[in-house]
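**Q** Got a sequence here, can you model it:
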Amino acid sequence: MSILTDSGESQYKNDPVYRFTSFIIPALVAIIILLFLWFSRDQVRIKEPRTITLYCFSAMEPVMEQALLPAFQDHWLKKHQERVEFITTFAGSGIITRQIITKFPAEVAILSSELDARRLVSGGIINIATWQEIQKQDKFCRSPVVLFVSDDIHTPIHNFDDIDYENMNVIISDPLTSGEGQMTGLAIYGSQLRQGLSHEEALLFTQAAFSKTQNHPSNSQDALEQFYAGLGDILFNYEAAASYHPGPTDSWIVYPERTIMVEPVAIMIQNNISPEQSDLINNFIDFLWSATAQRKLSEYGFQTINTSTEPEFAPASNHDIFTLDSLGNANSLNRNIIDQLLSPK
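**A** Numbers count the residues shown, from 1 in each chain. Here you go, the predicted structure:
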């Protein structure tokens, strides 16, 4: 056995080969590790966010963009550790209905009422079973058609009958493109019907109101902006629209004694939903009925199902607030009322 002395050990460490290998080997190992990390960087993939393609009527754009969609993104991230992004289209309910019928790739459609949903059935986009489920389901929010009246109007207005459609500058959204325009037509028609007029008399009154009204914006948001820009004396719109213009305004709101309660519908467009998307889409639809979503809808002026906080509309004993169902089924209303408003007078 040989014993390495201190002088021998020092001589060994001073050996050029030892010094070279003791430096170069760790350096080579470090370089190899760095090269491995560099070339394997593409193997560590960042998880892409999932997407939902949403088509929604324009009156709900503020609450969707500012409240509901961010709330769902937070909800899904916390529950599944996945990011969700929305590909959104906001337009009049009539416009997005026609876009979906012509095969635009909506996965979810939020329409102003069952009127446009029924058109999707006629267009072969949703089947009868889905349509029947929509009809049975509680609506996730609602809002009555009311009147926004300029301070320049001093005539007492309590009902749609009190409006001088020929001499006042009235704004009604176009029923061809806007669900709000369609529901305004049914609000006027129903208000006459429920006063005892016949179908023919109520329809003639409604057609006259539309024909004498010169200002027909393409959707409820455009109509609201025109009214607040001073371009009209009276605006027909949803009650919820009052919350979209905070601060003092030169106008007041009339809650008609007879008007319609508008109930939007949320629909999955099954033909555009892949199997791997089903869980995400179903969760988003269900989220609309959650306490979180209902609270945010209330904050934006919609009347809701699950929250106690409601907007200011509290019908008095003499108010007659009716729904679409009370006027007939959606198919006959489209054919006998809405289509008649679109026909040349």
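
**Q** Would you indicate which residues of stretch 69-77 are buried?
**A** Residues Leu69, Ala71, Phe72, Gln73, His75, Trp76 are the ones in stretch 69-77 that count as buried (16 or more other C-beta atoms under 10 Å). Yep, even glycine has a C-beta here, placed from its N, CA and C like the rest.

**Q** mind listing which of the residues you listed are in helices?
**A** When the buried residues of stretch 69-77 are checked against helices (DSSP state H), the matches are Leu69, Ala71, Phe72, Gln73, His75, Trp76.

**Q** and of the residues you listed, the nearest to Thr53?
**A** Among those, Leu69 lies closest to Thr53 (C-beta to C-beta), at 12.4 Å.

**Q** Count the neighbours of the closest residue to that closest one other than its chain neighbours for me.
**A** Spatial nearest neighbour of Leu69, chain neighbours left out: Phe86 (5.2 Å); criterion: C-beta to C-beta, 6 or more residues apart in numbering. For Phe86, the neighbour count with other C-beta atoms under 10 Å is 18.

**Q** part of a strand, is Phe86?
**A** Yes: per DSSP: H, G, I helix; E, B strand; the rest coil, Phe86 lies within a strand segment.

**Q** quick one: which of the buried residues of stretch 69-77 is nearest to Ile171?
**A** Among the buried residues of stretch 69-77, Leu69 lies closest to Ile171 (C-beta to C-beta), at 28.4 Å.

**Q** confidence score at the closest one?
**A** Leu69 is assigned 98 on the pLDDT scale.

**Q** what's it in contact with, if anything?
**A** Leu69 makes contact with Leu54, Phe86, Thr88, according to C-beta atoms under 8 Å, 6 or more residues apart in numbering.

**Q** Next one: the second one relative to Val108, how far apart?
**A** I take that to be Phe86. Per C-beta to C-beta, to the nearest Å, Phe86 is found 9 Å from Val108.

**Q** where do the contact lists of these two overlap?
**A** Counting by C-beta under 8 Å, 6+ apart, the residues touching both Phe86 and Val108 are Ile52, Thr53, Leu54.

**Q** didn't the last one look like it was pressed against Ala91?
**A** Read it as Leu54. No: taking C-beta atoms under 8 Å as the definition, Leu54 is not a contact partner of Ala91, at 11.9 Å.

**Q** closest to Lys47 among the contacts of Leu69?
**A** For these, the nearest to Lys47 is Phe86 (17.5 Å; C-beta to C-beta).

**Q** Can you check the pLDDT for the closest one?
**A** pLDDT, read off for Phe86, is 98.

**Q** mind checking how far it is from Leu54?
**A** 5 Å.

**Q** And Ser191, by the same measure?
**A** 33 Å.

**Q** if you count what's nearby, which of the two comes out ahead?
**A** A direct count of neighbours by other C-beta under 10 Å for Ser191 and Leu54 places Ser191 higher, at 24 against 21.

**Q** which residues does Val63 contact?
**A** Counting by C-beta under 8 Å, 6+ apart, Val63 makes contact with Ala240, Lys296, Leu297, Tyr300, Phe302.

**Q** Need the max-distance pair from the residues you listed.
**A** Maximum distance among the contacts of Val63 (C-beta to C-beta): 12.1 Å, for Ala240 and Lys296.

**Q** neighbour-wise, which of the two wins?
**A** More neighbours surround Ala240 than the other of Ala240 and Lys296, with 26 against 20 (other C-beta under 10 Å).

**Q** Checking my notes, that one in a helix, right?
**A** Yes: under three-state DSSP, Ala240 falls within a helix.

**Q** Which pLDDT value belongs to it?
**A** Model confidence at Ala240, given as pLDDT, is 91.

**Q** measure the residue nearest to it when sequence neighbours are not counted to Ala241 for me?
**A** Excluding its sequence neighbours, the residue lying closest to Ala240 (C-beta to C-beta, 6+ apart) is Gly301, at 3.6 Å. Computed as C-beta to C-beta, the Gly301 to Ala241 distance reads 7 Å.

**Q** can you check Lys103 too?
**A** Lys103 is 31 Å from Ala241, where distance means C-beta to C-beta.

**Q** Tell me which of these two has more neighbours.
**A** Per other C-beta under 10 Å, whichever of Lys103 and Ala241 has more neighbours is Ala241, with 24 against 11.

**Q** Could you count how many residues lie near Asp161?
**A** Residues near Asp161, counting by other C-beta under 10 Å, number 15.
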